[in-house]
Each structure stands twice: as structure tokens, then as C-alpha cells.
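> With the sequence up front, the predicted model follows.
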Amino acid sequence: ETGVTQSPTHLIKTRGQQVTLRCSSQSGHNTVSWYQQALGQGPQFIFQYYREEENGRGNFPPRFSGLQFPNYSSELNVNALELDDSALYLCASSSGGTSVLNEQFFGPGTRLTVL
Amino acid sequence: QKEVEQNSGPLSVPEGAIASLNCTYSDRVSQSFFWYRQYSGKSPELIMSIYSNGDKEDGRFTAQLNKASQYVSLLIRDSQPSDSATYLCAGHTSGTYKYIFGTGTRLKVLA
């Protein structure tokens, strides 16, 4: 069984640039959620994708957008990067669609630094 | 009140002792709760989930849920230095697909 994978591992961008982060869900999982984790904080929910549609969104501006592909992999896009976007970006996958009982399993994360 | 609240710690316990980690939640959070362990610089690892009132045991870990008092706890028996990490409590917000995490409690197990 393949776990959740994310790429790249680390990324350095400058303010105003755009970035795309990628996630492959765990085998058998059809739902992907994205989180932002600042240093010393818990993960903050960005959004969730199920059946290639955004299924729920946290308090993040529209410059945070995403996609889910037919193979359940997903991308997180962030436009017009700001210094405060520097964080660990986590992808989590789960099975069972949108059930509230779903257990989520996290990938290793992408560390984004915005200069 | 924060939706999911944890004491940031650090909580220090001697090796072999029971570590007790607590989490309280607001009315907006319900139904399902999850405990994750996160080592420094790593991503969260799922320890266990709990949905019903009462205790749920898995090896050295016991999760407890009390919906009337709106708290969920994690007990770690026979604590080991390798258990030293930040423990995150997460809940699922009512009527949405949004998961809310607490800020985590840092546990230090002293050899």
C-alpha cells in the first residue's frame, strides 16, 4: 500500500510569485484535504476535494485554489504569494468520500518559504 | 472559545508513567475526533479516532470522549522517550467537511 506523497519537499519563492504543490493520495483513497501549518500552530484547513470538486473550504482567500484529478491526486495553487504564506503545506487523504467518520492520513508536507 | 483547545505544554512525565493529554471543544465541533502525533519537522501521524462516548483502547493508547462535558483525552501508558512529540487533537465541524485542529500539546518523556 502506497502512502500519501507530496512534491516538492521544499520550495523557495519570492513575494508576488505563484506556486503549485502536488499530492498523490494513498492507494484506495478518493478524498484529499489541504492544510497550512505555521510554526507552532496546528494545521489550518484550506479545502477538501472529493470527486474532483471542492467540497468544503476554510478561511483562506480565493488566491488559494486547487484541483483534483480522476486518479484522485490533487494540486494546490497559490497566487500572488505573501510573506505570511510561508508554512508547511500538508495534504491528507481519506476514503469513504465525505463521511465525517473518515480518518485522514497525511503526506510528508511541502515546506514553502516566501522571501 | 476556540473550536478545539489544547494546553500547549510542555507536559513532562518520567519514563514509564502515564501521560494524559486533554482537549476541549466548542458546540461547533461534534461527531468525530482524532488524535495525531507530530514529531518536530515531520507531518502528523494518526494515532486513533473516537466517535462515541467512553473509552477506546489501542495498545498503549486510550482515547476518552465525553460529549456532555465536551472534552476528549488521550492517555499514553508506559510512556517512552520516543513518545516525546506534539500531540494534536482534531474535531470535525458540524454540518461541514471541515476538520479543526488544536494547537497541540508538546509532550516530553524524561528518561
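Nice, I can see it.

> now the strands for chain B?
B:4-5, B:11-14, B:19-25, B:29-38, B:45-50, B:54-58, B:61-66, B:71-76, B:85-93, B:99-101, B:105-110 (DSSP state E).

> I'd like those strands as CSV, with mean neighbour count appended.
C-beta: built from backbone N, CA, C; applies to glycine. Output for the strands of chain B, formatted as CSV (neighbours: other CB atoms under 10 Å in any protein chain shown):
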stretch, mean neighbour count
strand B:4-5, 20
strand B:11-14, 14
strand B:19-25, 21
strand B:29-38, 21
strand B:45-50, 17
strand B:54-58, 12
strand B:61-66, 18
strand B:71-76, 21
strand B:85-93, 24
strand B:99-101, 24
strand B:105-110, 18
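
> closest one to chain A among these?
strand B:99-101 (3.4 Å; CB to the nearest CB).

> Show me what that closest one is packed up against.
On a contact count with 3 or more CB pairs under 8 Å, 6 or more residues apart in numbering or on different chains; DSSP states H and E, strand B:99-101 meets strand A:44-50, strand B:29-38, strand B:85-93.

> who touches that strand?
With contacts defined as CB atoms under 8 Å, 6 or more residues apart in numbering or on different chains, strand B:99-101 is touched by A:33, A:35, A:42-45, A:104, B:3-4, B:28-29, B:34, B:36, B:88-93.

> What of stretch A:16-27?
Outside stretch A:16-27, the residues that touch it by CB under 8 Å, 6+ apart are A:1-8, A:11, A:13, A:31-32, A:34, A:72-81, A:89, A:91, A:93, A:105, A:107, A:110, A:112, A:114.

> Out of those, which are close to chain B?
A:105, A:107 (CB under 8 Å from any CB of the partner chain).

> Just the buried residues of the contacts of stretch A:16-27.
Buried subset of the contacts of stretch A:16-27 (neighbour count, 16 or more other CB atoms under 10 Å in any protein chain shown): A:4, A:6, A:13, A:31-32, A:34, A:72-76, A:78, A:81, A:89, A:91, A:93, A:105, A:107, A:110, A:112, A:114.

> So B:Gly54 versus A:Gln37, what's the distance?
31 Å (CB to CB, to the nearest Å).

> Ok, B:Gly102 next?
Distance, B:Gly102 to A:Gln37, using CB to CB: 12 Å.

> what about those two, which has more around it?
Taking other CB atoms under 10 Å in any protein chain shown, B:Gly102 and A:Gln37 do not tie; B:Gly102 has more neighbours (26 against 22).

> Poorly predicted segments of chain A, please.
A:1, A:96-98 (pLDDT under 70).

> Tell me where it has strands.
If DSSP E is used as the criterion, the strands of chain A fall at A:5-7, A:10-13, A:19-24, A:31-37, A:44-50, A:53-57, A:64-68, A:74-78, A:87-94, A:105-106, A:110-114.

> what does chain B put close to chain A?
B:4, B:31-32, B:34, B:36, B:42-46, B:49, B:51, B:88, B:90, B:92, B:96-104.

> give me that answer again for 7 Å
Contact residues, chain B versus chain A (CB under 7 Å from any CB of the partner chain): B:31-32, B:34, B:43-44, B:46, B:49, B:51, B:88, B:92, B:96-104.

> So the residue nearest to the spatial centre of chain A versus A:Cys91, what's the distance?
Against the mean C-alpha coordinate of chain A, by CA atoms, centre = their mean, the closest residue is A:Trp34 at 2.9 Å. As judged by CB to CB, A:Trp34 and A:Cys91 stand 6 Å apart.
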